[in-house]
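Asker: Quick one: sequence and predicted model below, then my questions.
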Amino acid sequence: MALRYAAFLLLLFCTAYSHPFRGTAGHSPFVQDPEEEWERMTTAVGNEVDDTLSPQNKLFMGASTDGSSTSQAKLVPKYLVASFSEDKVKDFKPGMGAGPLPNWASKMLLKTATTSPTVAASPQLVEILCHVDRLYIRVRKEIFKTNNAHKYLKFGTCPVNHGTTEHYYFLYLLTADCGFEKESTADYRYVGSVLTYNPTTPVLREMPFEIPMQCKYPRLFHSYKVGFHPKLQGGEIFKSLESHKSPHSKTMFTLTFQNALGFDVTGAQSYNLGETMYFQAKQLSNSGNRIYINKCFMTASRNPTSSPKYMVIDNYGCMVDGMMTDQSVFISGTSKLVLRFSVVAAIFKNMASASSSSQQLYMHCDLSMGPLVPTESSKTCNYDLATKTWKELYGSDSVCTCCDSTCHSIKSKAKNMISSKSWTIDLSNKDGHDKDDKFYPRMKLSDADVLVDNSNKAEHTDFLQNWGKD
C-alpha cells in the first residue's frame, strides 16, 4: 500500500514538472511541448515569408521529370516599384484577347533578387515570434541566477505560461488580455508590449530590466498596379437647396472675440498676460427667449474634455472667476439674445516655462435658451467684490444666492457646447520686467484635473487665501 502511495506521488510530481507554467484558457493556445510549438510556428512563419517569393527548388509546370536537366523557378523580388514612360504604360492597359509580354517588361519582372550571405548567429537570449493570430516570446534561463525568476518575469500583464530546461516561454494569442499596445500606420500594424523583470525579493541577484518588444504586420501587399485606368461615366445629379431642418433641431450658437467697444474681432488673437479679453455668445435665430451661459472654461487644447481646465462660469450662470478679479464680469446690452462677458488673460501654471514665449488657449461654453425672467437654473450672475454678494444682470438678485452653494436644475438641459477660436498669451519680455524674474501666472493648479470645477464659495475663498502660500 505504501509503495502504491509513493508511486502516485511520483506521478503527480512528474506531471507538475512537465507543465509548470500552464496558461489559462483563452489566454494561450493549448501546448504540450513549448519547444516543439516554437519550432512549428517558426517553420510556419518562414513558409509564409517564402511564399512571397517564387520557390527555388520546385519545377515549373510542364517541366521534364525524366531525370534530364530541368528549369528551376527564379528568385524574384517580393515587389518592385517602377516608373514608366507613357508609351510603356500602354502595354499594361487591358484589352481584348491575349498577347505576349514585351521584352522590357519580362526583364524587369524576372529580375533576380539579390541575396545576402547568411552568417551563423549566436543563440539569442530573448526572442520574439510573430504570427497572424499569436505572439510568442522565449527567454533563456541562463541570464538568471535564481530558479524562480519566472515569478517576476512578465510580458505586459501576462506571466510566463510555459517553461523548459533552457527557456521561459510566453505563448499567447493576440486576443489575450496582456495589455498589448496596438498602433496602425498607413502601411503597418504594430502589436507589442514591454518584457519586464522586476524581482520583489529583499536582495537582487540580477538587475531588473525592461525590454520593449513589438510585432510588425504589413497592412498592404504590393502588386503591379499600372494596368487599370477606369473612366468614370455618369449623368447630372440635382439636389434641392431648400433646408429640411426639423423645427425641433438644436438651436445654433456662436462664441466670438470682441473688443472693449463691442465690435467683433477677426483673425489671430494675441493678448498680454493680465489683459482684459472680451467674448460674445449669440443665438443665430430669434426665438424670443433669453440666452444663458451654464458654464464656461478654458483649456490648452481644442478638445473640451482635455485637462487641465480652468472654470470661468459655473453653477448655471455664476461668474466664479469674478471672485478673483473684478475684470471677469457679464456685460449688459440691448438684446437678450446676445450675452457679452470679459475675463483676464491668464495661462496655466504647470505649462509655463522659461523657454516658452507664448501659450495657446481655448474657451468652451455650454449655452442654452431660457425664459426672460431668470431662475436658479437660468441666470446671469456677477460677483461684487466690494459687497461680496451676487447680482443678476437683468433680474432679481435672489436667483443668485445659490451661487454660494449648488444650483439645481429642475429639468435636464440640452447640451450646446461650443468652442471659441484659439488665442495666444504672449509671454515675451514686453512689460519691462527682467526675463530672469520669477513668473507666477494668475491661476493656480491643484492636484485635480479641474482647477475650479466647483461653484462652492468656501472652496473658492480657500483658493484665494492659499494662493500665496504655495
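Answerer: Good, I have the coordinates.
Asker: these two touch, right, S356 and D426?
Answerer: No. Here S356 does not reach D426: they are 10.8 Å apart, not a contact under CB atoms under 8 Å. For glycine as for every other residue, the C-beta is placed from the backbone atoms N, C-alpha and C.
Asker: the more surrounded of those two?
Answerer: In this view S356 and D426 are compared by other CB atoms under 10 Å, and D426 has more residues nearby, 15 against 12.
Asker: E36 - how many residues pack around it?
Answerer: Neighbours of E36 using other CB under 10 Å come to 10.
Asker: likewise R138?
Answerer: So R138, with other CB under 10 Å, has 24 neighbours.
Asker: same check, this time on L204
Answerer: A count of neighbours around L204, defined by other CB under 10 Å, yields 10.
Asker: Pretty sure it sits in a helix.
Answerer: No. Under DSSP: H, G, I helix; E, B strand; the rest coil, L204 sits outside any helix and is assigned coil.
Asker: ok, it to E166 distance?
Answerer: Distance, L204 to E166, using CB to CB, to the nearest Å: 23 Å.
Asker: swap in T401?
Answerer: Going from T401 to E166 by CB to CB gives 76 Å.
Asker: With V132 instead?
Answerer: 27 Å.
Asker: Need the three-state assignment for K421.
Answerer: Classification of K421 by three-state DSSP places it in coil.
Asker: Measure how buried it is and give me the count.
Answerer: By other CB under 10 Å, the residues close to K421 number 14.
Asker: hey, what's the closest residue to N289 other than its chain neighbours bridged with?
Answerer: Excluding the flanking residues, the one nearest N289 by CB to CB, 6 or more residues apart in numbering is M369, at 4.4 Å. For M369, the beta-bridge assignment (DSSP bridges) gives partners I291.
Asker: What pLDDT is listed against M369?
Answerer: For M369, the model assigns a pLDDT of 87.
Asker: you'd agree it is up against I293?
Answerer: No. The criterion here is CB under 8 Å, and M369 misses it with I293 at 11.2 Å.
Asker: Helices along this structure, start to end?
Answerer: 2-18, 34-50, 86-89, 103-109, 457-466 (DSSP state H).
Asker: What average pLDDT does the second one get?
Answerer: Per-region confidence: helix 34-50 scores 80 on mean pLDDT.
Asker: got the CA positions of it in PDB?
Answerer: Below are the C-alpha coordinates for helix 34-50, written out as PDB (Å, rounded to 0.1, in the frame of the first residue of the first chain):
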ATOM      1  CA  PRO A  34       6.700  24.500 -25.900                       C
ATOM      2  CA  GLU A  35       9.900  23.800 -27.800                       C
ATOM      3  CA  GLU A  36       8.000  21.800 -30.400                       C
ATOM      4  CA  GLU A  37       5.400  24.500 -30.700                       C
ATOM      5  CA  TRP A  38       8.100  27.200 -31.100                       C
ATOM      6  CA  GLU A  39       9.800  25.200 -33.900                       C
ATOM      7  CA  ARG A  40       6.400  24.500 -35.600                       C
ATOM      8  CA  MET A  41       5.500  28.200 -35.600                       C
ATOM      9  CA  THR A  42       9.000  29.200 -36.700                       C
ATOM     10  CA  THR A  43       8.500  26.900 -39.800                       C
ATOM     11  CA  ALA A  44       5.000  28.300 -40.400                       C
ATOM     12  CA  VAL A  45       6.200  31.900 -40.300                       C
ATOM     13  CA  GLY A  46       9.200  31.100 -42.500                       C
ATOM     14  CA  ASN A  47       6.900  29.400 -45.100                       C
ATOM     15  CA  GLU A  48       4.700  32.500 -45.200                       C
ATOM     16  CA  VAL A  49       7.700  34.700 -45.900                       C
ATOM     17  CA  ASP A  50       9.000  32.300 -48.600                       C
END
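Asker: on that earlier part again, who's more crowded, M369 and I293?
Answerer: Comparing M369 with I293 by other CB under 10 Å, the one with more neighbours is I293, at 26 against 19.
Asker: so where is this structure shaky, pLDDT-wise?
Answerer: 1-30, 47-84, 112-121, 221-233, 239-251, 287, 353-355, 411-414, 429-470 (pLDDT under 70).
Asker: how's this structure carved up into domains?
Answerer: Per the record, the chain has its domains at 13-46+123-218, 253-469, by automatic domain parsing.
Asker: how about those in JSON lines, adding distance to D91?
Answerer: Supplementary listing: the domains of the chain in JSON lines, determined by distance: least, CB to CB, whole Å:
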{"stretch": "domain 13-46+123-218", "distance to D91": "28"}
{"stretch": "domain 253-469", "distance to D91": "50"}
